[in-house]
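>>> Predicted structure and sequence below. I'll ask about it afterward.
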Amino acid sequence: MLIRNDPRVPAAVVRRMHAGTELEHYRVVTFDIDPENRRLVGRYRTLDAADRAVRFEVPQGNIRAALNYTPKGAWG
């Protein structure tokens, strides 16, 4: 599952196909609870290429800081 803008709903499902063979690739489909509504994004030779194929919209405006980010000077 690839998560993008909504942390509660996956953007896509990536599945490794034919692992360990010359036909190995990653199949990427859009996410939907109902598998019949999922749509093929593409097939990619590497996991990195599969990840890059799924869109990510950069948030605009007032963005909340990441949970693991500590602003400089926050701890004295």
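Sure, I can see it.

>>> only C-alpha atoms for contact and neighbour calcs from this point on.
Fine.

>>> average pLDDT across stretch 55-69?
The average pLDDT for stretch 55-69 rounds to 61.

>>> Please apply the same query to stretch 10-30.
Averaged over stretch 10-30, pLDDT sits at 94.

>>> part of a helix, is residue 52?
Yes - judged by DSSP: H, G, I helix; E, B strand; the rest coil, residue 52 forms part of a helix.

>>> count of residues packed around residue 23?
Other residues lying near residue 23 total 10 when counted by other C-alpha atoms under 10 Å.

>>> and if you look at the one 10 residues further on?
Neighbouring residues of residue 33 were enumerated by other C-alpha under 10 Å; the total is 9.

>>> what pLDDT does it get?
Residue 33 is assigned a pLDDT of 90 by the prediction.

>>> separation between it and residue 8?
Plainly put, residue 33 is 12 Å away from residue 8 if you go by C-alpha to C-alpha, to the nearest Å.

>>> Check residue 2 too.
Taken as C-alpha to C-alpha, the span from residue 2 to residue 8 is 11 Å.

>>> go on, residue 42?
Noted for residue 42: a distance of 23 Å to residue 8, by C-alpha to C-alpha.

>>> ok, these two, which is more surrounded?
Between residue 42 and residue 8, counting by other C-alpha under 10 Å, residue 42 is the more crowded of the two (14 against 8).

>>> wait, doesn't the more buried one sit right on residue 15?
No - under the criterion of C-alpha atoms under 8 Å, residue 42 is not in contact with residue 15, lying 11.0 Å apart.

>>> if I look at those two, which residues touch both of them?
Overlap of the contact sets of residue 42 and residue 15 (by C-alpha atoms under 8 Å, 6 or more residues apart in numbering) consists of 27-28.

>>> On the three-state scheme, residue 36 is what?
What three-state DSSP gives for residue 36 is helix.

>>> how many neighbours does it have?
By other C-alpha under 10 Å, the residues close to residue 36 number 7.

>>> swap in the one 10 residues further on?
Residue 46: 13 surrounding residues under other C-alpha under 10 Å.
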